[in-house]
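Asker: Any chance you can model this:
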Amino acid sequence: MHPRRQSAWFNASSYLLGVAALLALAPFGKAQGLTSSDLSRFRFVGDAVLSPDGHRVAYTVILYDRPGRPAPQLWIMDLTTQKPMRIGDEKGVAVNPRWSPDGKWLVFQGRVGEKHGLLLARPDGSEITTLVEKIEGTNSPLPGGGQDVTWSPDGKQIAFLSATPDERAAEASGDPMVISRYLYKPDAGEGLTRFNDNERLHIFAVDLASRQVRQLTQGIYDEHSIDWSPDGKEILFASNREPNQDEFFNYDIFALHVEDHSIRRLTATEYNEYEPLWSPDGKHIVYRGTKRGLTDRETTMEDTHVWMMNADGSDRREIGAVIDNRQGAPQWAPDGSAVYFTVQERGSNHLVRLPVGGGAPAYVVKDNGGVGAFSVGKDGMLAYTFTSPRDMAQLYVKTGSAAARKLTDLNEVLAGKQIAEVESFTFVSNDNRFDVEAFLTKPVGMTATSKHPLIVNIHGGPHGQNGPGFNFKNQVYAARGWATLNVNFRGSTGYGQKFADAVFGDQNGDEGQDVLYGVSAAVRRYLWIDRERMGIEGVSYGGQLTDWLITQTNEFKAAIPTAGIANLVSYNYMTYYNQYEEMEFGQFLHQGNLMDVAWERSALKHVAAAHTPTMLLHGENDNDVPIAEAEQFFIALKDVGTEALFVRYPREGHGIRETQHVIDSTDRSIAWYEKHFPKPGAEGVTNVQP
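Answerer: Model (predicted):
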């Protein structure tokens, strides 16, 4: 779920004048903090890949200053001089950098000047050439994860992914459109269309000397997450080979023989395997996986852990079981003695090294914040991206036990800006089952006697987490003198499997009570919070809980659900991944009395109790939570007589991503709260909750 731009639905002239007036009255005098427009000046690091000799790192820098969505540029830094160099010009776009085995070339995907497609460059940025001019993608929600590009060990070939139409592509895009696929809607974040293009991802290889391209796989399945074997004979990949692949989500691991295109299957389970990688000696394979049969592509209640097996698929073992928390895609140490992977823990994303022969895991990066991309080099060298409490992701390197070095400082916009403090606290849940953690972003400019509004911002998922890492919108609110509360309610990740499972069969239940109990704990512990000026918002599942909670309490003066689910029944049959509710409740809606349960737990059923002024934000082409969810709730609120506004963002999928849309939605959020919060000192004590 995500955020961005402006609705064409309402009377723009009168409303925008209202926004401008409200913003003019708002306390922007605290200019030492961030404002919404500062977003366009931010940059952060995406990919980070060490060269084989450890002398350079290729990394991408994501910019918010372009029209539309943030765009990546490719850079290379010499680690001796720490001098960065951009590949291509200011207008270039590049992703997925991968070094050749000898480190003399860098392959990437993107556009540099007139060249585009799969491109090749020297480490100094010279000799940029086109290997493959046209690489096709797909908007299908089924394929995903892992590497898109992999080098042969001799450096003479590169395997890559590209899509070709399946047999239903023509009729599904014709006039009329004929739909036969169960999974007929596109990926959640695509935002441009409403239908699956019926393209299938396949593995291709290009010979560097001749530039000849060969298609290595074909058919009705998608292949992805590729890795070339150390002996050069095979390419690992993941694929869903179920006969009803649209209806049963099940990735398994396969190996493709490069010469004769034969495929051997390495796993045959009812659960999922992701992102396989060969060990340096080719004798083992490490991957990320689950062990429950009930899951789907969009989210999984079960924490993924790191697994390992022999190269023939035998002796599968869950080596990540030593840590009871959600784990990211693993990478091998160059000598094959250990694997590295990220672990979600209490709002942060740490980096762990685990010996594969046994032994305790070691935390390599355990700072408050989030490790993103990382790359493992020789002699314990690491390059990684890290989002700290004070900045978006920057590039770091670390060797052994030495302190990490920060290599980039891309956000001059932060100079002279005051960044708000984030403080965590725990409280006991309503049913006394859990200690629940919350993160409070404190206002900028507090005094001994000042009172401050509180915005409750609920994360999506529900199997996600908030934490101390830099949150732009929270910081904008803090600059206005507003606090933000993020509650990691039951179902959140980073607190063990039992906690993640606690939302099973109980959507809009005790996890919603966790949010309200978090608010209650905050206002009792932080006496500077103004109970009369509290708002609530969230994206995706956070939008769903926002919808739900305003039917359960009137303690919030304003609400802003983004991409929220208001009707669990209609949602189940309109979303692009229709097994989500089955996974979260354990059966299909039509089975037993689950249809009645789902309706009972829908905000729409209880809308008569909703009296909180509500502004609904939604992407026009959201295929995860279709915009009809907001349409229903908007009309229902109007019927009740509750003040409501509906903002529809064109070109957006699930959440809001275009930079100007993000800025617009932030400004509208501020204006909505300002409109409905009593003026400081003028309010009476009407809100005795929580």
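Asker: Where does residue 607 sit: helix, strand or coil?
Answerer: helix (DSSP: H, G, I helix; E, B strand; the rest coil).
Asker: How many residues are close by the residue lying closest to it once chain neighbours are set aside?
Answerer: For residue 607, ignoring the flanking residues on the chain, the nearest one in space by C-beta to C-beta, 6 or more residues apart in numbering is residue 636 at 4.2 Å. No exception for glycine: its C-beta is placed from N, CA and C like everyone else's. When counting by other C-beta atoms under 10 Å, one arrives at 21 neighbours for residue 636.
Asker: Might one say that residue 629 is in contact with residue 565?
Answerer: Yes. Assessed by C-beta atoms under 8 Å, residue 629 is found in contact with residue 565 at 5.3 Å.
Asker: Touching both of the two, which residues are there?
Answerer: Residues within reach of residue 629 and of residue 565 at once, by C-beta atoms under 8 Å, 6 or more residues apart in numbering, are residue 571.
Asker: does residue 285 belong to a helix or a strand, and which?
Answerer: Assigned by DSSP states H and E, residue 285 belongs to strand 284-289.
Asker: who's in contact with that strand?
Answerer: By C-beta under 8 Å, 6+ apart, strand 284-289 touches 236, 253, 266, 271-279, 304-311, 318, 327-330, 332, 336, 339, 341, 356.
Asker: That strand: how far from the chain's middle?
Answerer: 22 Å (C-alpha atoms, centre = their mean, to the nearest Å).
Asker: What residues are bridge-paired with residue 452?
Answerer: According to DSSP bridges, the partner residues bridging residue 452 are residue 529.
Asker: Enumerate every residue touching it.
Answerer: So residue 452 contacts 443, 446, 481, 482, 483, 528, 529, 530, 533 (C-beta under 8 Å, 6+ apart).
Asker: Could you rerun that using 10 Å?
Answerer: 442-446, 477-478, 480-483, 526, 528-530, 533, 680 (C-beta atoms under 10 Å, 6 or more residues apart in numbering).
Asker: Could you look up the SS state of residue 475?
Answerer: Residue 475 ends up helix, using three-state DSSP.
Asker: pretty sure residue 140 is touching residue 200, no?
Answerer: Yes. The pair residue 140 / residue 200 is scored as a contact, 7.9 Å apart, by C-beta atoms under 10 Å.
Asker: Residue 405: what's it in contact with?
Answerer: 79, 82, 395, 396, 397, 398, 399 are the contacts of residue 405 under C-beta under 10 Å, 6+ apart.
Asker: from the residues you listed, which is closest to residue 66?
Answerer: residue 395 (20.6 Å; C-beta to C-beta).
Asker: Can you give me the pLDDT of the closest one?
Answerer: For residue 395, the pLDDT comes out at 98.
Asker: Phi first, then psi, for it.
Answerer: With angles defined as degrees, to the nearest 10, residue 395 sits at phi -90, psi 130.
Asker: you'd agree it is up against residue 386?
Answerer: Yes. With contacts counted by C-beta under 10 Å, residue 395 reaches residue 386, the gap being 8.3 Å.
Asker: Next, show the common contact partners of those two.
Answerer: With C-beta under 10 Å, 6+ apart as the test, residue 395 and residue 386 both reach 45, 48, 373, 406.
Asker: Could you check how far residue 111 is from residue 382?
Answerer: Distance of residue 111 to residue 382, computed by C-beta to C-beta, to the nearest Å: 30 Å.
Asker: The two: who's more crowded?
Answerer: With neighbours defined as other C-beta under 10 Å, residue 111 and residue 382 compare such that residue 382 has more, 23 against 14.
Asker: who does that one bridge with?
Answerer: residue 376, residue 398.
Asker: One more: residue 239?
Answerer: Listed by DSSP bridges, the beta-bridge partners for residue 239 are residue 252.
Asker: Could you count how many residues lie near it?
Answerer: So residue 239, with other C-beta under 10 Å, has 25 neighbours.
Asker: Doesn't residue 570 lie inside a helix?
Answerer: Yes. If the criterion is three-state DSSP, then residue 570 is within a helix.
Asker: That one and residue 627 touch, don't they?
Answerer: No. Using C-beta under 10 Å, residue 570 is not in contact with residue 627, being 11.8 Å away.
Asker: Where does pLDDT dip in the stretch 251-400 of the chain?
Answerer: 298 (pLDDT under 70).
Asker: one more time with 90
Answerer: 292-300, 357-359, 378-380, 400 (pLDDT under 90).
Asker: And the strands in it?
Answerer: Using DSSP state E, counting those that start in this stretch, the strands of the stretch 251-400 of the chain run over residues 252-257, 263-265, 273-278, 284-289, 305-310, 331-332, 338-345, 348-355, 362-365, 370-376, 381-388, 391-399.
Asker: The ones you listed into JSON lines, with extra columns for distance to residue 519?
Answerer: Rendered in JSON lines, the data for the strands of the stretch 251-400 of the chain read as follows (distance: least, C-beta to C-beta, whole Å):
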{"stretch": "strand 252-257", "distance to residue 519": "44"}
{"stretch": "strand 263-265", "distance to residue 519": "51"}
{"stretch": "strand 273-278", "distance to residue 519": "36"}
{"stretch": "strand 284-289", "distance to residue 519": "35"}
{"stretch": "strand 305-310", "distance to residue 519": "33"}
{"stretch": "strand 331-332", "distance to residue 519": "40"}
{"stretch": "strand 338-345", "distance to residue 519": "24"}
{"stretch": "strand 348-355", "distance to residue 519": "23"}
{"stretch": "strand 362-365", "distance to residue 519": "32"}
{"stretch": "strand 370-376", "distance to residue 519": "25"}
{"stretch": "strand 381-388", "distance to residue 519": "26"}
{"stretch": "strand 391-399", "distance to residue 519": "28"}
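Asker: so what does the helix or strand containing residue 520 touch, helix or strand wise?
Answerer: Here residue 520, judged by DSSP H and E, is contained in helix 510-525. Counting contacts by 3 or more C-beta pairs under 10 Å, 6 or more residues apart in numbering; DSSP states H and E, helix 510-525 packs against strand 422-428, strand 435-441, strand 452-458, strand 483-488, strand 529-539, helix 541-549.
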